[in-house]
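*Asks:* Predicted model follows, preceded by the sequence.
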Amino acid sequence: MASVNPPAGVVKLYALIAETIRCGQAASVAARARMLQLRVNAIAAREAGRYPREPRPPEDGPLSEWCCSRCGSRRKCDFNYSGSYMRTVVFEDGDAVLRIPRLRCRCGGNVPGDFEPMLCRYQRHWYDLMLAAVGLIVEGMSLRAARRHFARLGVYVGLSSLARAVGRFEDVDINAEIGKRMVEALSLDAAFWRVEGDSRAHLYAHEVRERDEPLVRDGREVAWHQTGKVLGIGLAMDETQQAWQDLLADMVSAGVVDSSAELFVTSDGNQGLLSAVEMELPWAVLQRCVWHIGYRTRSKIVNAKHRDALERDALWVFNADSVEAARGRLGRFMARWREREPEAAASVGRKFMQGVEYLRHPERKVRPRTAAISERYNQEAKRRFRPGRSFGSERNLRAMTRLLALRHNCIIDRTDWLEHAARWRWDQPVPLTTAYQHESRPAPLYTNGGT
């Protein structure tokens, strides 16, 4: 189709939008480059004791943190400016070239400059680019999609650089402090993720809170609890008793849970998990997830036509108002299914006492009968981990699990999770080099004898 030429004096809207975006990106990059250049110049002037073309500092003045590579002198009066070299720094939406001052000693040796942590040695990608990459990847973008995103902004970032940016947060604080409020209920679960051709068990412990008002659907109350913070996470080769004991022991030592307060724990039927709870949280009431009880019967059913009906009936048994009512439902359940599906019916009967613990403690406000909160969190992780298919290193998997937990907790606190991660990673004292406002002296006038 032939393009339509606009009349004279008419500008197409997209051309105006594109030009505005380009100008904004260029101005942003230029402003950040100017800021960095001023800080680099100020750091060099602090270590040299002066700016270029200013008088030397006195010989008895303070020593510099930098030293000559030849004679080892740290006296600022021995240092001279010797030009500069160019260094490219890549920001989130473009790159810029900085002029890094060179210093030489009187003996002729070089004085290597150290501009860390603001500008680390051999660092090309600046911190805003790293944070932007981490934010995109944790929100569910794959490494290749993140690379294409930056390419549209004119910035090239390799896949390994993106992976390293995420890996730097492998030990980030997940901000799970609960203050003076005691945890009343926990939901424990685990998931498995591929890493380096193998798999790792991602263990996590959720706080369960009571809703201010029950969740109502179609005029019926369907939920009385809501998700709380992720209080503990861990990685292990498998979901073993020792792995769960390590996680729960860390939570106890950190004061997240206390033996002086009542605790209600809901989990699936993993034997390692159940044993770990009995070992590390012996005062807690342990509730077996009734959804898992019903769902596990499907693998024991002989006739596939019975799966949905038997699972529905198993859940009906545990949704009673009291232990006596649940026991009556169990009798009717057994009368219906014992002959047709003996193994599945026997499975529900064996787990009955574990599934009605929540009915034995009506005095407790928070007593969830399913681990649905942990399952929903697991689905959230799947949506974000699926674009990556698998992790190239355990370090990256650890970083992603912690960043995801941090994101979840900060949403509950209504704070910015990315800012929290950045402060944890880079919040360290930095010299205030911009406090000194330099004004260059006018250059001396050279003459040829007055002619």
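*Replies:* That came through fine.

*Asks:* so who does the closest residue to residue 241 other than its chain neighbours touch?
*Replies:* Excluding the flanking residues, the one nearest residue 241 by C-beta to C-beta, 6 or more residues apart in numbering is residue 272, at 3.8 Å. Glycine gets a C-beta too; all of them are placed from N, C-alpha and C. Applying C-beta atoms under 8 Å, 6 or more residues apart in numbering to residue 272 gives the contacts 239, 240, 241, 242, 243, 244.

*Asks:* List buried residues within these.
*Replies:* Buried by 16 or more other C-beta atoms under 10 Å: 239, 240, 241, 243, 244, out of these.

*Asks:* Looking at these, which is nearest residue 76?
*Replies:* In terms of C-beta to C-beta, no member of the buried ones among the contacts of residue 272 lies closer to residue 76 than residue 243, at 55.8 Å.

*Asks:* host element of that closest one?
*Replies:* Under the criterion of DSSP states H and E, residue 243 resides in helix 241-253.

*Asks:* and for that helix, what are the contacting residues?
*Replies:* Residues contacting helix 241-253 (C-beta under 8 Å, 6+ apart): 188, 201, 203, 205, 231-234, 236-237, 257, 259, 271-273, 275-277, 279-281.

*Asks:* Also stretch 83-92?
*Replies:* Residues outside stretch 83-92 that contact it (C-beta under 8 Å, 6+ apart): 28-29, 32-33, 36, 95-102, 119, 123-126, 128-129, 132, 150, 153, 155-157.

*Asks:* What of stretch 106-124?
*Replies:* Counting by C-beta under 8 Å, 6+ apart, 36, 39-40, 43-44, 47, 65-71, 73, 78-80, 88-90, 98, 100-105, 426, 428, 430 sit against stretch 106-124.

*Asks:* Same question for stretch 373-382.
*Replies:* Outside stretch 373-382, the residues that touch it by C-beta under 8 Å, 6+ apart are 187-189, 191, 202, 204, 206, 208, 225-227, 230, 401, 404, 408.

*Asks:* Buried among those? Make that a ChimeraX selection.
*Replies:* To isolate in ChimeraX the members of those that are buried, counting by 16+ other C-beta under 10 Å, one can use:
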select :187,188,189,191,202,204,206,208,225,227,230,401,404,408
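
*Asks:* Farthest pair within the contacts of stretch 373-382?
*Replies:* Largest separation among the contacts of stretch 373-382 by C-beta to C-beta: 225 and 401, giving 23.4 Å.

*Asks:* Buried ones among the contacts of helix 241-253?
*Replies:* Neighbour counting with 16+ other C-beta under 10 Å marks 188, 201, 203, 205, 231-234, 236, 257, 272-273, 276-277, 280-281 as buried within the contacts of helix 241-253.

*Asks:* burial of residue 35, as a residue count?
*Replies:* Neighbour count of residue 35, defined by other C-beta atoms under 10 Å: 12.

*Asks:* what does the model give it for pLDDT?
*Replies:* pLDDT recorded at residue 35 is 93.

*Asks:* host element of it?
*Replies:* Using DSSP H and E, residue 35 sits within helix 13-48.

*Asks:* For that helix, buried residues please.
*Replies:* Buried positions in helix 13-48, judged by neighbour count with 16+ other C-beta under 10 Å: 25, 29, 32-33, 36-37, 39-48.

*Asks:* Please parse this protein into its domains.
*Replies:* Following automatic domain parsing, one gets these domains for the chain: 13-124, 130-168, 185-424.

*Asks:* Could you export those as TSV, including distance to residue 176?
*Replies:* Below are these laid out as TSV (distance: least, C-beta to C-beta, whole Å):
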stretch	distance to residue 176
domain 13-124	27
domain 130-168	17
domain 185-424	5
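
*Asks:* can you pull the contacts of the nearest residue to residue 292 once chain neighbours are set aside?
*Replies:* Once flanking residues are discounted, residue 292 sits nearest to residue 268: 4.5 Å by C-beta to C-beta, 6+ apart. Contacts for residue 268 were tallied using C-beta under 8 Å, 6+ apart; they are 189, 288, 289, 292, 371.

*Asks:* ok, which stretches of the stretch 101-250 of the chain are helices?
*Replies:* For the stretch 101-250 of the chain, the helices defined by DSSP state H, counting those that start in this stretch cover 127-138, 143-152, 159-167, 241-253.

*Asks:* Can I get these in TSV including mean pLDDT and distance to residue 17?
*Replies:* What follows is the helices of the stretch 101-250 of the chain, written out as TSV (pLDDT from 0 to 100; distance: least, C-beta to C-beta, whole Å):
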stretch	mean pLDDT	distance to residue 17
helix 127-138	92	21
helix 143-152	92	14
helix 159-167	91	28
helix 241-253	93	51
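
*Asks:* right, so the ones you listed: which one is the most enclosed?
*Replies:* Mean neighbour counts were taken over the helices of the stretch 101-250 of the chain using mean count of other C-beta atoms under 10 Å, and the top value, a mean of 21, falls to helix 127-138.

*Asks:* outside of that helix, which residues touch it?
*Replies:* Residues contacting helix 127-138 (C-beta under 8 Å, 6+ apart): 32, 90-92, 143, 145-146, 149-150, 155, 157, 162, 165-166, 168-169, 384, 388, 400, 403-404, 407, 418, 421-422, 426.

*Asks:* so who does the residue lying closest to residue 340 once chain neighbours are set aside touch?
*Replies:* Spatial nearest neighbour of residue 340, chain neighbours left out: residue 306 (6.6 Å); criterion: C-beta to C-beta, 6+ apart. For residue 306, the contact set (C-beta under 8 Å, 6+ apart) comprises 337, 340, 341, 344.

*Asks:* Quick check, pLDDT for the first one.
*Replies:* At residue 337 the predicted local confidence, pLDDT, stands at 92.

*Asks:* Just to check, it is in contact with residue 312?
*Replies:* No. The pair residue 337 / residue 312 is not scored as a contact, 11.4 Å apart, by C-beta atoms under 8 Å.

*Asks:* The buried ones among the contacts of helix 241-253 in strands, which ones?
*Replies:* When the buried ones among the contacts of helix 241-253 are checked against strands (DSSP state E), the matches are 188, 201, 203, 205, 231, 232, 233, 234, 236.

*Asks:* For residue 219, state which of those is nearest.
*Replies:* The shortest approach to residue 219 among these belongs to residue 188, at 32.9 Å (C-beta to C-beta).

*Asks:* State the distance from that closest one to residue 360.
*Replies:* Noted for residue 188: a distance of 20 Å to residue 360, by C-beta to C-beta, to the nearest Å.

*Asks:* again with residue 322
*Replies:* 9 Å.

*Asks:* circling back to that earlier point, show me just the buried residues among the contacts of stretch 106-124.
*Replies:* Buried subset of the contacts of stretch 106-124 (neighbour count, 16+ other C-beta under 10 Å): 36, 39-40, 43-44, 47, 66-68, 73, 78-79, 89-90, 98, 101-105.

*Asks:* which one is the most centrally placed residue in the chain nearest to, not counting chain neighbours?
*Replies:* For the chain, the residue nearest the mean C-alpha position is residue 403 (1.2 Å; C-alpha atoms, centre = their mean). Distances taken as C-beta to C-beta, 6+ apart place residue 138 nearest to residue 403, at 4.8 Å, with adjacent residues excluded.
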